[in-house]
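A.B. asks: no FASTA, just this:
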């Protein structure tokens, strides 16, 4: 009886180690993405990631002036029906 319990403990320990190694590897592969040159607008509702190697490439400055509906970069409210329609990340994509 002691043998199977010891084998189960070893297997559980090995699975925990493998999962930790896989989690560490994934952390190295991906970085959270935040708009670098676009500050206006609401934060994107979902986490957005990019590969770590891509995160070292800096996008050029945005030179185009978007013609956006008034209030789109502010939170939505009764007086601001367009607010929050696009996140800062989506607006950055449009600007490029």
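C.D. replies: Perfect, I can see it now. Not measured: the values here are computed from a predicted model. Residues are numbered from 1 along each chain as shown.
A.B. asks: distance check, the closest residue to residue 42 other than its chain neighbours against residue 96.
C.D. replies: Closest residue to residue 42 apart from its sequence neighbours, by C-beta to C-beta, 6 or more residues apart in numbering: residue 84 at 5.0 Å. Just so you know, the C-beta spots here come from the backbone N, C-alpha and C atoms, and that holds for glycine as well. Distance of residue 84 to residue 96, given as C-beta to C-beta, to the nearest Å: 21 Å.
A.B. asks: quick one, which of the two is more surrounded?
C.D. replies: residue 84 (17 against 10; other C-beta atoms under 10 Å).
A.B. asks: how close does that one get to residue 94?
C.D. replies: According to C-beta to C-beta, residue 84 stands 15 Å off from residue 94.
A.B. asks: still on that earlier bit, next one: the residue nearest to residue 42 from residue 52, what distance?
C.D. replies: Taking C-beta to C-beta, one finds residue 84 at 30 Å from residue 52.
A.B. asks: quick check: what element follows the worst-scoring helix or strand of the chain on mean pLDDT along the chain?
C.D. replies: The helix or strand of the chain with the poorest confidence is helix 2-29; it has a mean of 70 (mean pLDDT, DSSP states H and E). Next along the chain after helix 2-29, taking DSSP states H and E as the criterion, comes strand 30-32.
A.B. asks: show me the contact partners of that next one.
C.D. replies: Outside of strand 30-32, the residues within contact range by C-beta atoms under 8 Å, 6 or more residues apart in numbering are 47-52, 55.
A.B. asks: and residue 89, what does it touch?
C.D. replies: 33, 35, 38, 44, 48.
A.B. asks: please report the distance of it from residue 13.
C.D. replies: 41 Å.
A.B. asks: go on, residue 4?
C.D. replies: 15 Å.
A.B. asks: surely residue 86 meets residue 41?
C.D. replies: Yes - counting by C-beta atoms under 8 Å, residue 86 sits close enough to residue 41 to count as a contact (6.6 Å).
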